[in-house]
Each structure stands twice: as structure tokens, then as C-alpha cells.
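Participant: the following block contains a protein sequence and its predicted model.
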Amino acid sequence: MSNAPDTTEQENRSVLRRVLIAGGLGTLLEYFDYASYSYLATTIAVVFFASEDRTVALMSTFAVFALAFLVRPIGAFVWGSLGDRVGRKTILSTTILLMSGSTFLIGFLPGYATIGVLAPILLLLLRMTQSFAASGEYAGAGTFIAEYAPPHRRGLLTSVVPLGSAAGFLLASLMATVFYATMSPEFLHSWGWRIPFLIAGPLGILGLWLRTRLEDTPQFRHVQELERQQREVDAAERAALSRAHRWAEVRRSLPSMLKVLLVMSLNAGAYYLLLSYTPTFLIEQAHMSEASSNLVVTISLVAYLVIIPVIAHFSDRFGRKRTLLVSSIAFIVLSYPMMSLFTRGGVLLATTVLIVGLIFFAMNDAVFPSFFTEMFGTRSRYLGFALPFNVGALLFGGVAPLIGTWLIAVTGNSSAPAFFLIFVGVLSLIGLLLSRETARTELVDAQSEVGKHPVPSA
């Protein structure tokens, strides 16, 4: 009796396992850097900005964080367009190399005391380079995994991407907690803060090695094969036809991109406010120590890593839209009470509130990679995911810590960041009400076919 089917099944599982590892690692690296910058913000403010006013220095630090997001839409257009044209694997290998390299160089930057105003300028330039590369990372990894995953498990398997980002935050939070608990301020200001950025070098090399060992996705190879079958058209006419088809796909995708952008507003705003800004908020508003505030986030992130796959599996069974709707409504209703409880101090209370918030946030974060990929055809999927994802990160994510700090300063209300969460919750709700259910549908080549190929019930 032949065992070929078993061998093929084992090979498929092996490939899928390597796809998941390669996709998740790049996302981990991206968010490890973002989280390290945020969790060490009070230290970075001292190293790179000369100001006697702590709030001004802190806002300058978050302003650099926000300004780096200006290049995200540009990077999304570049990497998304190339990813739909030359392949997912090639772009993901390029972005992880550029991203890890620029992050690594941040670890060698001299501070303001050494080179003056050039220090924050160099920091901003490297942050923008890193952000430009990162703009193709999350969407590329989500697309790559989705195009390998079976439809009935697409939500669960693509949740490896948010799992990677949460793991990056957890790793950074653990490191920051240990640093603040064990290092003197003098050592932390001189070399301690550099360690997370220097780690990006070897992590990037590992990620690049994993990605170069993979083939491009079956969906993309299928589209390439279809295009090769049209070689009877002369080269010039074929090139013009190919460009026309690509731009027609992009135009057809614009309504879906707008809906995705609205849904993305909650993901970006809540992610960077709940996870990046919380340690600083607890230090400044609840008067916790640096070690205690990072401990709150660390414990919450451990719970969050368990929550993500559970919610993603739920979306495979009960639908993406329904799960995302619960998240939006929860943030509209619960953001202000949760933020008010944060200000009362205490590690146990703050941890409990953050975990509750992350449960509802997971109903967005664990689901949107599969939801986004299912909204587009293969010829426009990378760009369709990347562009609204990164525009959303620019408009609602990178500015979230800055807006949170500004709202408190302007209103004198320590719970004021909740108003921003309510706002993005409303935007997300509007986007979802305009969208259809996407769970358990086949991924298709063209945007015009999206939603027309449901998977038969088992």
C-alpha cells in the first residue's frame, strides 16, 4: 500500500509550520522594537532630549515615535505593490533585513550630552527607516500565512501574527521590568537602554534565514502561472495589459480598503494606547514605580498570549464580523470606566483592568489578519492589507501615546485617554456595519470574486 498521501500531508504540515515560524518571528521583532522604545520612554527622554520639564521631554520622545509613522503609508504602497507583483517571500526577506539593521544601529547612537541636537535627529531618521521597512512586515506576514492556511483554520493560523506582536511586547516588557529593578539609573542611561535594540541584529539574521528557505505562497504561484499562460501576447502589449489589470484591481479594492481602515482605527489606537502607553500612564498618573508599571503589563501580556488563539478559533466557528462587533461596542462602553480604575493605583487592580481590556481588544486583534486577507483578491491582497493597515497605524496608532499625554495635559483629567478609545471604537463600528461576513470563504484571484466562494460545510 502506498504511503504517498501520508507523506504529502506530513510535508504540508512541515511547510505550514515553517511558514508560521517565519511569519511570526518578523512580527515579534517589529513589535519588540516598538515596545522597547515605549517601555523605556522615560529613560530615552533623558538620553536624547535636553529639557528641564519632564512632560516636555516625554512628549518629545513620543513625538519621535509618532513622526516615524509618517513613512508607513509610503512603505505600505511600495512593499504592497511589489509584494503583489514580485511575490510575498522576496518582500518579506527584504523588509526584515532592513528593519533589523536600522533597529540594530539605534543601539549605537550617542545621546544628547555627546552630540547635542544631532542625537534626536539621528534617532528619528533610524526610526523612520525602521518604520518604512516595518510597513510591509505585518501585512506581508498575515498575507503569507493566510494564503497557506486552510479556510476553516485561517483565523487561528493567522493569529500567529498578533501572537508574534504580543510576544514582542511581552519580551520587551520583561526586559524593561528587569532593567528597572536591577540596573542603576546611570547604567540604564549609558548602556542599559541599548540592549533591546542590539538584540535586533541576530534576530533579524535568524528571520531572514527562515524566510529564504520557503517557497512563495500557493495563491501567488497560481496567479503567476495564469499570467505565464498569456505569453502569446507580445511583450509590450502584455506589460501594458498587466499594469492595467493591476491598477483595475486596486481601484476595485478601494471600497474594501476604506472599510478595513475604519476597522483598523480601533486596532491601532487601542494597541498603542493599551500596550505602549500604559507603563508611562501608570508611572505618571497612578504614581507607580517603573518596575511595578512594567510588571502590570508583563503579567497582562502573558494572559493575552493565551487569549489570542482562543478568540481566533472562536472567529473560525462563529464569524469574523460578529467577533469584531463585540470588540468595538465594548470599547465604546467600557473605555472610560477602565481608564478611571487605572488611576486608582495598585498592581493587582491595574493588572485585572488591563487583562479585561485585552480580552475585548483580542476580539479585534486576533481576528483582523484573517478578516483583512479575506477582503481582497490575490492580485491586490498584499497592498489591500498593507495600505489601510499602515495608514491606520499613522492616523491612530503612532499618535496614541502622544494624544493620551496631550489629553491629560489639556483637560486635567487623568482618564481622558478613554475619549480617544471611544472615538476609534465608533469608527470601527461604522466600518463593520458596512462590511460583510468573510469567515470560511475561499481566497480568490480577483477582487470581483471576493465573497462568492464559500467553503462547503463539513
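Facilitator: Received, thanks.

Participant: once you drop chain neighbours, what's closest to residue 375?
Facilitator: residue 256 (4.6 Å; C-beta to C-beta, 6 or more residues apart in numbering). Any C-beta I mention is one placed from the backbone N, CA and C, and that applies to glycine too.

Participant: ok, residue 367 - contacts?
Facilitator: If you count contacts by C-beta atoms under 8 Å, 6 or more residues apart in numbering, residue 367 has them with 155, 159, 311, 312, 315, 320, 323, 324.

Participant: tell me the secondary structure for the third one?
Facilitator: Taking DSSP: H, G, I helix; E, B strand; the rest coil as the rule, one finds residue 311 in the helix state.

Participant: please report how far it lies from residue 177.
Facilitator: Residue 311 sits 26 Å away from residue 177, taking C-beta to C-beta, to the nearest Å as the criterion.

Participant: low pLDDT regions in the protein?
Facilitator: Residues of the chain meeting the criterion pLDDT under 70: 1-12, 51-54, 227-247, 446-458.

Participant: what do you get if the cut-off is 50, keeping everything else the same?
Facilitator: 1-7, 241, 457-458 (pLDDT under 50).

Participant: and residue 441, what are its phi and psi?
Facilitator: phi -120, psi 150 (degrees, to the nearest 10).

Participant: ugh, wrong one, residue 366
Facilitator: phi -80, psi -20.

Participant: over to residue 438?
Facilitator: Dihedral angles (degrees, to the nearest 10) for residue 438: phi -120, psi -10.

Participant: and the gap between it and residue 254?
Facilitator: To residue 254, residue 438 is 17 Å away according to C-beta to C-beta.

Participant: ok, now residue 143?
Facilitator: 18 Å.

Participant: check which element follows the helix or strand containing residue 56 along the chain.
Facilitator: Here residue 56 sits within helix 54-67, counting by DSSP states H and E. Following helix 54-67 in sequence order, the next helix or strand is helix 72-86 (DSSP H and E).

Participant: returning to what we had before: which of residue 438 and residue 254 has more neighbours?
Facilitator: Counted by other C-beta atoms under 10 Å, residue 438 and residue 254 do not tie: residue 438 has more neighbours, with 22 against 13.

Participant: can you tell me the closest non-neighbouring residue to that one?
Facilitator: Here the residue nearest residue 438, using C-beta to C-beta, 6+ apart, is residue 374, at 3.6 Å.

Participant: verify the stated contact: that neighbour with residue 437.
Facilitator: No: counting by C-beta atoms under 8 Å, residue 374 sits too far from residue 437 to count as a contact (9.3 Å).

Participant: common neighbours of these two, please.
Facilitator: Contacts common to residue 374 and residue 437, judged by C-beta under 8 Å, 6+ apart, are residue 320.

Participant: what's near enough to touch the residue nearest to residue 438?
Facilitator: 146, 154, 320, 438, 439, 441, 443, 450.

Participant: what about it, distance to residue 134?
Facilitator: Counting by C-beta to C-beta - residue 374 and residue 134 are separated by 23 Å.

Participant: how about residue 257?
Facilitator: Plainly put, residue 257 is 19 Å away from residue 134 if you go by C-beta to C-beta.
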